[in-house]
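S.K.: I'd like to go over a predicted model; first the sequence, then the structure.
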Amino acid sequence: MRIPGIREEVVEKLRFMFEPNSVAVVGASRDPGKIGYQCLRNLVEGGYGGRIYPINPNADEIMGLKCFPSLSEVPGEVDLALIVVPARIAKSAIEDCVRKGVKAVAMITAGFSEIGKKEEEDEIVRICRENGIPLLGPNIVGISNSWKKCNASFCQSLPYAGRTAFISQSGALAIALIGWTWLYRVGLSSMASIGNKADVDFSELILYFGERDEHTNCIAMYIEGLDAGPEFIEACRRVSPKKPLVALKAGKSERGVAAAASHTGSLAGAPLIYSAAFKQCGVIEVSSLIELFDSALALSLQPPMLGDFPLIITNGGGAGVVATDAAERYGIPISDSPPDLAKSLRKYMPEFGSAKNPVDLTGMGTADKYEGAIREALAHPGVDGLAVLYCHTAITSPMKVAEAIYGPYSELKNNKPIVAAFIGGSECEEAASWLKERGVPAFPSPERAMRALSALRAYGRIRRRFGG
Ligand code: ACO
């Protein structure tokens, strides 16, 4: 049911959903093959420190926890009820939530508007709204908060902990991408699967993560379609001066529009209208899942690039050329180093190197040369951001180059964004992970590094336009 405008009281109550002190799993199962069992296991084994109440009238205990036949019989307060009973008994579960005074509900149960059962869904929403209970879903995988170690979902694990809140209109993608968070070290603060978004809408989640969640630096969204466009724009306008928002709008091709309609019943709408709306409200649009994650990684770790002079430092001419082409594609201007900077950079390269832009330290670029050049670049007032590219050579180990990046970056901390690309095999991957764990986004290719830098530049421009 479309929201009647942004509900500030719902935004406030989302704290009970994402930072609950107690969670009841309604439909906690004894059978490890069932979703209700896995949700309970995720809370217990994920290390959640709040109280956990399994609700199941047919069981006495599961995983050593006492079961309650209904919510009304739980002795303590219940902040979040995670509903995992079949659709036919979902309404009575919601009525039980009302009797208990549950603060928020996340409903995993499928079988509502997505299969034409809109009336049943509306009835549940009506009960929740009348009683001031925010409802997330139905038809979701659940939610998680990495900092609270609260995995109220049937994802295989908590995400790698970090600073991006991920709102996904696809449950399956949210599940799958948890794996990416570990593989690519893209940390999430929270994950919210929003499914049929029958009650709580994108706009309210954006405002919660944007204005009330101190663990979130960046909000990443997978969107198929919006029901409440003006509210989305209003929420993004409010949040974008404070935290970056990055979105992948799926269902843009002719067939994609039809696929989105049958997946979430979304009106995918004209792609250009979405792009125009994103621009209007300060949302950075990307065109693939990998771009969504790369941009979120950079935006959650690094400050925005506030000016228009990025410097590229490389040990490989080819990597520099690829990065320059990518920069042009992403609209990042690349111009020659200022003469005084070029002069000081010359100290770190042989005669046949280049101090223009890209700065080519050549294959003789050892870690100390990288460190010196990076230090000069970060300290120069004309440089607004840095892309450091490294091709694995026999004379310098990737980890040494990672240390050469991290040293000046951590000492100078002068609000200039830095991204890196480590091009090579497993040693490069290790060095990139080491850097990411320390706050420097690092990628396996120059193009991906430049795409991430372009997100930082886009956010710099949004900040200049909207303030913040
Ligand atoms: N209150 C609490 N628990 C109850 C009640 C009740 N009133 N009545 C029965 N239960 C118990 C059952 O006894 C059972 O426990 P048991 O296994 O120990 O006996 C447990 O609740 C679960 O009930 P089942 O009838 O076994 O339900 P089942 O697990 O088969 O299905 C589910 C429930 C998972 C919610 C299902 O209906 C459903 O919607 N599945 C789809 C979920 C989904 O995919 N969501 C979207 C995700 S996005 C994506 O695409 C990945």
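M.R.: Structure's in. What do you need?
S.K.: from the stretch 151-300 of the chain, which residue is nearest to the ligand?
M.R.: Closest to the ligand within the stretch 151-300 of the chain is Gly171: 2.2 Å, counting by C-beta to the nearest ligand atom. The C-beta positions use only the backbone N, C-alpha and C, and glycine is treated the same way.
S.K.: my guess is that residue contacts Met191, does it?
M.R.: No - the criterion here is C-beta atoms under 8 Å, and Gly171 misses it with Met191 at 10.4 Å.
S.K.: for the stretch 251-400 of the chain, which spans come out with low pLDDT?
M.R.: Within the stretch 251-400 of the chain, the stretches with pLDDT under 70 are 257-258, 260-269.
S.K.: Can you list the residue ranges for helices in it?
M.R.: Ranges of helices in the stretch 251-400 of the chain, per DSSP state H, counting those that start in this stretch, are 254-264, 271-281, 289-301, 317-329, 339-345, 367-379, 398-412.
S.K.: Gly171 and Met191: who's more crowded?
M.R.: Met191 (28 against 22; other C-beta atoms under 10 Å).
S.K.: what's across from that one in the sheet?
M.R.: Going by DSSP bridges, Met191 is paired in beta bridges with Ser144, Phe166.
S.K.: Pull the contacting residues for it.
M.R.: Contact analysis of Met191 by C-beta atoms under 8 Å, 6 or more residues apart in numbering lists Ile143, Ser144, Ser153, Cys155, Pro159, Ala165, Phe166, Ser168, Ala174, Ile178.
S.K.: So which of those sits lowest on pLDDT?
M.R.: Minimum pLDDT across the contacts of Met191 is recorded for Ala174, with 91.
S.K.: from the helices of the stretch 251-400 of the chain, which stretch is densest packed?
M.R.: Between these, helix 289-301 has the highest mean count of neighbours, a mean of 25, where neighbours are mean count of other C-beta atoms under 10 Å.
S.K.: just the CA coordinates of that one, formatted as PDB?
M.R.: Extracted in PDB, the C-alpha atoms of helix 289-301 (Å, rounded to 0.1, in the frame of the first residue of the first chain):
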ATOM      1  CA  LEU A 289      26.200  -4.800  -9.700                       C
ATOM      2  CA  ILE A 290      30.000  -4.600  -9.700                       C
ATOM      3  CA  GLU A 291      29.900  -0.800 -10.200                       C
ATOM      4  CA  LEU A 292      27.400  -0.600  -7.300                       C
ATOM      5  CA  PHE A 293      29.800  -2.500  -5.000                       C
ATOM      6  CA  ASP A 294      32.900  -0.700  -6.200                       C
ATOM      7  CA  SER A 295      31.300   2.700  -5.900                       C
ATOM      8  CA  ALA A 296      29.900   1.900  -2.400                       C
ATOM      9  CA  LEU A 297      33.300   0.700  -1.300                       C
ATOM     10  CA  ALA A 298      35.000   3.900  -2.400                       C
ATOM     11  CA  LEU A 299      32.200   6.200  -1.100                       C
ATOM     12  CA  SER A 300      32.000   4.500   2.300                       C
ATOM     13  CA  LEU A 301      35.800   4.700   2.900                       C
END
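S.K.: any idea how far the ligand is from Phe422?
M.R.: 34 Å (C-beta to the nearest ligand atom, to the nearest Å).
S.K.: buried set for the host helix or strand of that residue?
M.R.: Following DSSP states H and E, one finds Phe422 within strand 418-423. Going by neighbour count (16 or more other C-beta atoms under 10 Å), the buried part of strand 418-423 is Ile418, Val419, Ala420, Ala421, Phe422, Ile423.
S.K.: returning to what we had before: now the helices of the stretch 251-400 of the chain in JSON lines, with distance to the ligand?
M.R.: As requested, the helices of the stretch 251-400 of the chain are exported to JSON lines (distance: least, C-beta to the nearest ligand atom, whole Å):
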{"stretch": "helix 254-264", "distance to the ligand": "9"}
{"stretch": "helix 271-281", "distance to the ligand": "23"}
{"stretch": "helix 289-301", "distance to the ligand": "16"}
{"stretch": "helix 317-329", "distance to the ligand": "34"}
{"stretch": "helix 339-345", "distance to the ligand": "52"}
{"stretch": "helix 367-379", "distance to the ligand": "44"}
{"stretch": "helix 398-412", "distance to the ligand": "37"}
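S.K.: mind checking which of those is nearest Arg463?
M.R.: Shortest distance between Arg463 and those, using C-beta to C-beta, is found for helix 289-301: 11.6 Å.
S.K.: Up against the ligand, what does the stretch 51-200 of the chain have?
M.R.: Counting by C-beta under 6 Å from any ligand atom, the stretch 51-200 of the chain comes close to the ligand at 55-59, 84-86, 89, 108-111, 139-141, 171-172, 175.
S.K.: let's go with 5 Å and repeat that
M.R.: The stretch 51-200 of the chain comes close to the ligand at residues Ile55, Asn56, Asn58, Val84, Val85, Pro86, Thr109, Ala110, Asn139, Val141, Gly171, Ala172, as judged by C-beta under 5 Å from any ligand atom.
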